[in-house]
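take a look and give me a structure for this.
(2 chains)
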Amino acid sequence: MSDSAPFTLRAGRWLERRLPQIVVSPLFALSLFFVYGFILWTAYISMTPSGIMPVYDFIGLDQYARLWATPRWYVAIKNLFLFSALFIGIAMVMGIFLAILLDQRVRAEGLIRTIYLYPMALSFIVTGTVWKWILNPGLGIERFMREAGWENFTFDWLVNSDYAIYTLVIAAVWQSSGYAMALFLAGLRSVDDEILKAAAVDGASPWKTYTSIVLPILRPVFLSTVIILAHLAIKSFDLVIALTGGGPGYATDMPATFMYSFAFQRSELGVAAASATMMLMTIVAIIVPYLYSELRKTGQ
Amino acid sequence: MQTIRKFAAASMLAALSAGSTAQADGTVEVLHWWTSGGEAKAVGTLKEAFEAQGGTWNDSPIAGGGGDAAMTALRARVVAGNPPTAVQLKGPGIQEWAQQGALNDVQAVADAEDWDAVLPPVLAEIMKYDGDYVAAPVNIHRVDWMWANPEALAKAGISEMPTTWDEFNAAADKLMAAGITPLAHGGQPWQDATLFEDVVLGVGGADFYRAALVDLDQEALTSDTMVAAFDQLRKLRGYVDPNFPGRDWNLATAMVMRGEAAFQIMGDWAKGEFLAAGKVPGEDFLCAPTPGAGFVLNSDSFTFFKVSGDDNLKGQQVLASLIMSPDFQKTFNLAKGSIPARTDVPLDDFDVCAKKSHADLLAAIENDSLVPSMAHEMAIPRSVRGEFLDLVTEFFNSEMSSEDAVQRLSEAVARAM
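Okay, the predicted model is just below:
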């Protein structure tokens, strides 16, 4: 009786300390298996001659050699970088600009914020379909302008192999810059008023205040915005499928659509796995150094 | 454990058969992606026929992606050791699965009913693996059709359907002058490839087609004839309206119906669109083979997977026999707009285009000009077909020269093989 109380107490303490780990561990095991397990599986498949079904004979890097000899893969890679850079860049600039304007204590701010944020509520499939109609020369802007009297007005980016990739940027920026705005607005609101007042007392111009004081304070917001937009850019599969279908030809192919078409339309699991592995490596090569430098600076 | 499971299965079967006598003629599960309009109706006729025999039909329609979703489901089912009885699967895809050891043969049925005597030899070859039938064809689609709007042709002063590519080009120039789009086309890779293979047949003939697009002979792929074929394809590109990229084939058909465009080059599933709109063949629209002598064959088939259990095996055999029965071939193809795969089915109830297709098919078998379609997965593995589609669609959407195209095509084919 006398030693049972300390025992329960000890067991209770132990449980208290371990409970979070116990609760989290099944989830941890599952994600270990379903995420990292399958990443390893995909990496292995990329070194096999798998066609319609996975096979497990090791053949080294032959599939990578075939992948890098495919002209379509270069188009996909180039598109990914072009699209990501423009999309992230423009969406951030628009986001900051809108956030600063909204931060000037305008009337009906809640309403305007909702309007800007609303595109985010749509899926990329809807966005893609709507913009497909707007940008289609026979249905949308071009036809509208011509009927309004500008007979020679031409805006045929959607059906032009060289410019179709920019229509993806337009649609994606339209969808996501409101979201970037919301993130930056939250950041701006967290900037201490005292600092701004001190800057005003010191006679700093509004431009100087923003570029030298406010934006540097917002550095963590930049980090999260870049990461969120970057993963949207790399995942961009549904937008491509809905807006251009990868066309004209395969001019707007992205690594994700390339992988889909090789795995599911062409029975080339090996090449598809190789392209998936290359995508992973690309992301790792970009994100890891960035995260490392950002997190070290903020001391986390 | 095994015995318990067997016992459980046996008692379940007993319970089922006590309830009805339906088990007498087998059970099938059929995986397909015929889910829209005429297609769903066509597969419904097979279901009715099978159930009329007293069998049990489990329908597994998987829509989406032109069969990509169904193929993904099929992979998972085969890996799990629980394949469906029959799958809508065609062309070299049949061979790919057969090489995995995933198929059952139905040679016993084929022998008893003498399939060899009634199927075109080119088609029969595609249905067999190691000399045994592992699949049964339901229809024959002709790919090298040209559809036209007679009113649009009359406006440009064209009275005859062109029979050579030169005549076609001349007619197209007249149409351009009359302000009518000569060729309705949808800029999707498979549609570009459909144009391409019809042009290859027209420019090079059946033997050249076979060498280049079926046997993938490097000499044929890099020949001057192939350059000429790309030249003609480049001409066709000029006859298409600027708004073509991404357009679905049935919207292109609608352009011909409305008279905005004069011609469409598309397989005979386009006929279904005309008929559904209440158009009469020979009056409201014309059909003629694309220039050149031959017949580009596309065929849907059901492939038989390795199921076990007497009930399932029985169902598989019954299904095979049913698919090849003249009655079913007739009702199915009336619903789908194609012609029967059996060459001995009378075509009295079919329209003039189907009758023409049938007559040309018999002639093509006779003079050996029946060729399998490359664009529609009848001729070459999907991996090589993909390379063709990439190259042809890039050619169609850029300023690439025919010589470059031929060079890159031969490299791409070498890489994919």
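
domains in the chain, by residue range?
Going with chain A. A:1-45, A:65-297 (automatic domain parsing).

actually chain B
The record's domain parsing of chain B by automatic domain parsing lists B:25-140+B:299-353, B:142-297+B:369-416.

any idea which of those gets closest to residue A:110?
Residue A:110 lies closest to domain B:142-297+B:369-416 among the domains of chain B, at 39.3 Å (CB to CB). Any C-beta I mention is one placed from the backbone N, CA and C, and that applies to glycine too.

give the contact list for residue 247.
Looking at chain A here, since you left the chain open. Neighbouring residues of residue A:247 by CB atoms under 8 Å, 6 or more residues apart in numbering or on different chains: A:164, B:187, B:188, B:189, B:245, B:246, B:393, B:397.

actually, chain B is the one I wanted.
Here residue B:247 is in contact with B:185, B:186, B:187, B:188 (criterion: CB under 8 Å, 6+ apart).

returning to that earlier point: for the domains of chain A, which has the smallest mean pLDDT value?
Of all the domains of chain A, mean pLDDT reaches its minimum on domain A:1-45 (a mean of 83).

which residues of chain B lie near chain A?
Residues of chain B lying close to chain A (CB under 8 Å from any CB of the partner chain) are B:65, B:68, B:71-72, B:75, B:78-79, B:93, B:96-97, B:100, B:187-189, B:242-246, B:381-383, B:385-386, B:390, B:393-394, B:396-398, B:408, B:415.

derive a ChimeraX selection command for the buried subset of the residues you listed.
ChimeraX command restricting the residues of chain B next to chain A to the buried ones, with burial defined by 16 or more other CB atoms under 10 Å in any protein chain shown:
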select /B:68,71,75,78,93,96,97,187,188,189,243,244,245,246,381,382,383,385,386,390,393,394,396,397,398,408
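
pLDDT at the one residue in chain B that gets nearest to chain A, what is it?
Using CB to the nearest CB, the single residue of chain B nearest to chain A is residue B:397, 3.6 Å away. Note for residue B:397: predicted pLDDT of 89.

pretty sure it is touching residue A:161, no?
Yes: the pair residue B:397 / residue A:161 is scored as a contact, 5.0 Å apart, by CB atoms under 8 Å.

what's the overlap in contacts for the two?
Going by CB under 8 Å, 6+ apart, residues that sit against residue B:397 and also against residue A:161 are A:248, A:249, A:251.

what's the weakest-modelled helix or strand in chain B?
Here the helix or strand of chain B ranked lowest by mean pLDDT, DSSP states H and E is helix B:2-19, holding a mean of 43.

which element is encountered next along the chain beyond it?
strand B:27-32 (DSSP states H and E).

is residue B:136 in a bridge, and if so with what?
residue B:302 (DSSP bridges).

and it, how far from residue B:92?
To residue B:92, residue B:136 is 17 Å away according to CB to CB, to the nearest Å.

more crowded one of these two?
Between residue B:136 and residue B:92, counted using other CB atoms under 10 Å in any protein chain shown, residue B:136 has the larger neighbour count: 23 against 19.

quick one, what contacts the more buried one?
B:106, B:115, B:127, B:301, B:302, B:304, B:320, B:323, B:324.

over to residue B:357?
B:140, B:142, B:145, B:268, B:339.

flag every buried residue along the host helix or strand of residue B:409.
Per DSSP H and E, residue B:409 falls inside helix B:402-416. Buried residues in helix B:402-416, counted by 16+ other CB under 10 Å: B:402, B:405, B:406, B:408, B:409, B:410, B:411, B:412, B:413, B:416.

and it, what does it pack onto?
Of the remaining helices and strands, those touching helix B:402-416 by 3 or more CB pairs under 8 Å, 6 or more residues apart in numbering or on different chains; DSSP states H and E are helix B:218-221, helix B:224-238, helix B:382-396.

what average pLDDT does it get?
Mean predicted confidence for helix B:402-416 is 90.

residue in the stretch 101-250 of chain A nearest to chain B?
Closest point on the stretch 101-250 of chain A to chain B, by CB to the nearest CB, is residue A:249, at 3.6 Å.

now do the contacts for that residue.
A:161, B:187, B:189, B:393, B:394, B:396, B:397, B:398.

nearest to residue B:361, out of those: which one, please.
So of the contacts of residue A:249, ranked by how close each gets to residue B:361 (CB to CB), first place is residue B:189, at 27.0 Å.

please report phi then psi for that closest one.
Torsion angles at residue B:189 (phi, psi; degrees, to the nearest 10) stand at phi -50, psi -40.

wait, it touches residue B:394, no?
No: with contacts counted by CB under 8 Å, residue B:189 stays clear of residue B:394, the gap being 9.2 Å.

shared neighbours, these two?
A:249, A:250.

thinking again about what came up before, using CSV, lay out the contacts of residue B:357 together with neighbour count and secondary structure.
Supplementary listing: the contacts of residue B:357 in CSV, determined by neighbours: other CB atoms under 10 Å in any protein chain shown; DSSP: H, G, I helix; E, B strand; the rest coil:
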residue, neighbour count, secondary structure
B:140, 26, strand
B:142, 27, strand
B:145, 24, strand
B:268, 23, coil
B:339, 26, strand
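
quick one on the thing from earlier: residue A:206 is nearest to which of the helices and strands packed on helix B:402-416?
Comparing the helices and strands packed on helix B:402-416 under CB to CB, the one sitting nearest is helix B:382-396, at 51.0 Å.

run the angle between that closest one and helix B:224-238 for me.
For helix B:382-396 against helix B:224-238, the angle by axes from the mean of the first three to the mean of the last three CA atoms, to 10 degrees is 60 degrees.

what's the angle from helix B:382-396 to helix B:402-416?
160 degrees.

now do helix B:382-396: distance to the chain's middle.
18 Å (CA atoms, centre = their mean, to the nearest Å).

then stretch B:338-348?
Relative to the chain's own centre, stretch B:338-348 is displaced by 16 Å; criterion: CA atoms, centre = their mean.

so which residues on chain A come close to chain B?
A:51-53, A:66, A:69-72, A:132, A:136-138, A:156, A:158-159, A:161, A:164, A:244-245, A:247-251, A:261-262, A:264-268.

now do the helices in the stretch 101-250 of chain B.
B:107-113, B:115-118, B:121-127, B:150-155, B:165-177, B:189-209, B:218-221, B:224-238, B:249-258 (DSSP state H, counting those that start in this stretch).

tabulate the ones you listed (a markdown table), appending mean pLDDT and distance to residue A:207.
Below are those laid out as a markdown table (pLDDT from 0 to 100; distance: least, CB to CB, whole Å):
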| stretch | mean pLDDT | distance to residue A:207 |
| --- | --- | --- |
| helix B:107-113 | 92 | 83 |
| helix B:115-118 | 92 | 83 |
| helix B:121-127 | 91 | 72 |
| helix B:150-155 | 92 | 63 |
| helix B:165-177 | 93 | 58 |
| helix B:189-209 | 93 | 51 |
| helix B:218-221 | 92 | 63 |
| helix B:224-238 | 94 | 52 |
| helix B:249-258 | 91 | 52 |
